[in-house]
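Q: let's see this in three dimensions:
(one chain, ligands or ions: 2)
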Amino acid sequence: MINGKKVALIFGIGGQDGSYLAEFLLSKGYVVRGVVRRASFPNTKRIDHLDIYDDKYGKTPASPFYLLYGDLADSTSIRNILEEILPDEVYNLGAQSHVGISFQNPESTMNFNALGPLRILEAIKDLKLKCKYYQASSSEMFGISPPPQNEDTTMLPISPYGIAKLAGYHLTRMYRKAYGIFACNGILFNHESPRRGLNFVTKKITRSIADILVGNREKIVLGNLDAKRDWGFSKEYVQAMWHILQHDKPDDFVVATKETHTVREFLEEAFNIFGLNWKDFVEISDNYKRPAEVPALLGDASKALKTLNWEPKTKFKDLVRLMLAADLKEKMQEKGIAPMGEDKSDEYYLDLGKELAQKLAGQKKEKKVEGLLESLEGLKKEFSAGVIEGIVNQLKNG
Ligand code: NAP
Ligand code: F7E
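A: Ligands and ions are numbered 1, 2, ... in the order given. A predicted model of the protein is given here:
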């Protein structure tokens, strides 16, 4: 505690969830400290707006917010930070979070995602800290177990990411049971937002549609469209993380919307808003297919609803719209199509997008007609050349 305020320490604060969680905890009056790793190019874009505190207070106990350098692969940094900050709540959101890439980088994924939580928990134990611990566990741990999935579903992961997360999940439970640490798992199903990393499928789709509509690109290249995912809104899911640590006893909770859709349905929903057919814009490449794939996720979050009184409000259709509006806003402002500033509604950008889509459909039609006319010209030439050749041959043969 600092001046009667709870202190939260967030690993992975620069990520999608970390940035929303930091804002949420600050709004609740917490003192927030975040761990970022050194990068050769800024990795704090999502939290730079919180720098206001740095200018005012510096890295002093009085500061509501500041960042420290650390790495989940570096036990020394983790221990030093825990000892210096003496947090009331630790949120471990740091991870190599891309499932596809975990097949290419399995060792570092295991290091950060499995040994990372081990290093934090071991330090909490050794330092005899009285803090609560949140572990960012994942629906990817369910693997090939058929839906719906809840806290009692067998976990059969099939990716290095899922296996590493399952180790983190069990370590969290083990430190709870063996050492009495208030350690909890949030088993979160996919959750997205305008701040989602660019190479996750939802963001890749909404960002590409915005790019297509403003004329930056023509196609989206994707992998498997048949996988089913339960997609929620990150800004709401970080609130569930907090509720999990406020419960009177440490426990594990599924956090999900109880709605599932294929990637194809996401495409349909998004393109339909603009009256466009996704098939005209999507190409499939094996480059984006995984060696093994979780086929279907559908979370049953009844326990969180009953115990924590937590419920998601933003469902699939709203999520698609809010992500599209955010990407359209950014791309339209970049291109000078929409005015700068924050005061326009999502509908404003979606409506502008519909106008651009109509133009695009008109251009596509024109191009198609031009193409057809060109082919007709070609045919005409070939046909007359053929006829002429026939006549010449007939003349030659008497
Ligand atoms: P994200 O945007 O990829 O954020 C992950 C964060 O972890 C980034 O700030 C990253 O820093 C940091 N990080 C990676 N390796 C690190 C290391 N070695 N040391 C210190 N920090 C490191 O992921 P997210 O969507 O916010 O997800 C948050 C957590 O929830 C992750 O653990 C993820 O696996 C888990 N999760 C996510 C979902 C989902 O659908 N979003 C669902 C279930 C569970 P850099 O910017 O430097 O890379
Ligand atoms: O893929 C398919 C892909 O990478 C979703 C992470 O937050 O949620 C996330 O993992 C689906 C998969 O998310 C492309 O094969 C098709 O079936 O957006 P994603 P994910 O793998 O479900 C879990 C719960 C986490 O814990 C993770 O941290 O979409 N897909 N084409 C594609 N996926 C990507 N990324 N790119 C494509 O081009």
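Q: D226 reaches R264, doesn't it?
A: Yes: if you go by Cβ atoms under 8 Å, D226 and R264 touch, sitting 7.0 Å apart. The way it works is simple: take the backbone N, C-alpha and C, and place the C-beta from them, glycine included.
Q: of the two, who's got more company?
A: Ranked by neighbour count (other Cβ atoms under 10 Å), D226 and R264 place R264 first, with 17 against 10.
Q: and that one, helix, strand or coil?
A: Of the three states, R264 takes helix under DSSP: H, G, I helix; E, B strand; the rest coil.
Q: list the contacts for it?
A: L225, D226, W278 (Cβ atoms under 8 Å, 6 or more residues apart in numbering).
Q: how close does it get to K279?
A: Distance, R264 to K279, by Cβ to Cβ, to the nearest Å: 10 Å.
Q: one more: R38?
A: Applying Cβ to Cβ, the value for R38 to K279 is 44 Å.
Q: do D300 as well
A: 33 Å.
Q: neighbour-wise, which of these two wins?
A: Ranked by neighbour count (other Cβ under 10 Å), D300 and K279 place D300 first, with 19 against 10.
Q: pLDDT wise, what is that one at?
A: Note for D300: predicted pLDDT of 98.
Q: quick check, pLDDT for D55.
A: Here the pLDDT value assigned to D55 is 68.
Q: repeat that for L86.
A: 98.
Q: so it touches I124, yeah?
A: No: with contact defined as Cβ under 8 Å, L86 does not count as touching I124 (11.0 Å).
Q: overlap of the contact sets of those two?
A: C131.
Q: and those two? Which one has more around it.
A: Higher neighbour count among L86 and I124: I124, with 24 against 14, using other Cβ under 10 Å.
Q: contacting residues for that one?
A: By Cβ under 8 Å, 6+ apart, the contact list for I124 reads L82, V90, C131, Y133, Y175, I181.
Q: in strands, which of those fall?
A: The strands in this structure, assigned by DSSP state E, contain V90, Y133 from those.
Q: of the contacts of I124, which is the most crowded?
A: V90 (28 neighbours).
Q: bridged to it, which residues?
A: Beta-bridge pairing for V90 (DSSP bridges): L9, Y133.
Q: would you agree it is in contact with K130?
A: No: taking contacts as Cβ under 8 Å, V90 lies outside contact range of K130: 11.2 Å.
Q: what is in contact with these two at once?
A: Taking Cβ under 8 Å, 6+ apart as the criterion, V90 and K130 do not both touch any residue.
Q: nearest residue to H243 in space, please, no chain neighbours.
A: What sits nearest to H243 in space, not counting adjacent residues and going by Cβ to Cβ, 6 or more residues apart in numbering, is L308, at 4.2 Å.
Q: run a quick neighbour tally on that neighbour.
A: By other Cβ under 10 Å, 19 other residues sit near L308.
Q: for the one 4 residues further on, same thing?
A: When neighbours are counted by other Cβ under 10 Å, P312 registers 24.
Q: does it really touch G232, like I thought?
A: Yes: under the criterion of Cβ under 8 Å, P312 makes contact with G232 at 5.0 Å.
Q: quick check: neighbours shared by the two?
A: With Cβ under 8 Å, 6+ apart as the test, P312 and G232 both reach V255, A256, T257.
Q: so which of the residues you listed is the closest to ligand 1?
A: V255 (8.5 Å; Cβ to the nearest ligand atom).
Q: phi first, then psi, for that closest one.
A: For V255, the backbone dihedrals (degrees, to the nearest 10) come out as phi -130, psi 120.
Q: thought it was touching K303?
A: No: with contacts counted by Cβ under 8 Å, V255 stays clear of K303, the gap being 9.7 Å.
Q: how about the residues of the stretch 201-350 of the chain by ligand 2?
A: Residues of the stretch 201-350 of the chain lying close to ligand 2 by Cβ under 6 Å from any ligand atom are V201, K204, L222, G223, N224, A227, R229, V263, Y288, R290, E293.
Q: if I look at the first one, how far off is F266?
A: Separation of V201 from F266 (Cβ to Cβ): 7 Å.
Q: cool, and the last one?
A: According to Cβ to Cβ, E293 and F266 sit 16 Å apart.
Q: neighbour-wise, which of these two wins?
A: A count of neighbours by other Cβ under 10 Å puts F266 above the other of E293 and F266, at 23 against 17.
Q: just the strands in the stretch 101-250 of the chain please.
A: In the stretch 101-250 of the chain, the strands defined using DSSP state E, counting those that start in this stretch lie at 132-138, 182-188, 191-192, 220-222, 228-229, 232-233.
Q: how close does A296 sit to I10?
A: If you measure A296 against I10 using Cβ to Cβ, the figure is 31 Å.
Q: which residues does the residue nearest the centre of the chain contact?
A: Nearest to the geometric centre of the chain sits R196, at 3.9 Å (Cα atoms, centre = their mean). Residues in contact with R196, defined by Cβ under 8 Å, 6+ apart, are Q16, T202, K203, S234, M323.
Q: just K165 next, same as before
A: Contact partners of K165, counting by Cβ under 8 Å, 6+ apart, are A95, N113, A114, S137, S138, E140, M141, P157.
Q: pretty sure the second one sits against G168.
A: Yes: under the criterion of Cβ under 8 Å, N113 makes contact with G168 at 6.0 Å.
Q: in contact with the residue in the chain positioned nearest to ligand 1, which residues?
A: For the chain, the residue closest to ligand 1 is G15, as judged by Cβ to the nearest ligand atom, at 2.0 Å. Listed by Cβ under 8 Å, 6+ apart, the contact set of G15 reads R46, L93, G94, S97, G197.
Q: just the buried members of the residues you listed?
A: Neighbour counting by 16 or more other Cβ atoms under 10 Å classes R46, L93, G94, S97 among the contacts of G15 as buried.
Q: among these, which are in strands?
A: Going by DSSP E, the strands hold none of these.
Q: I appreciate the help and will end here.
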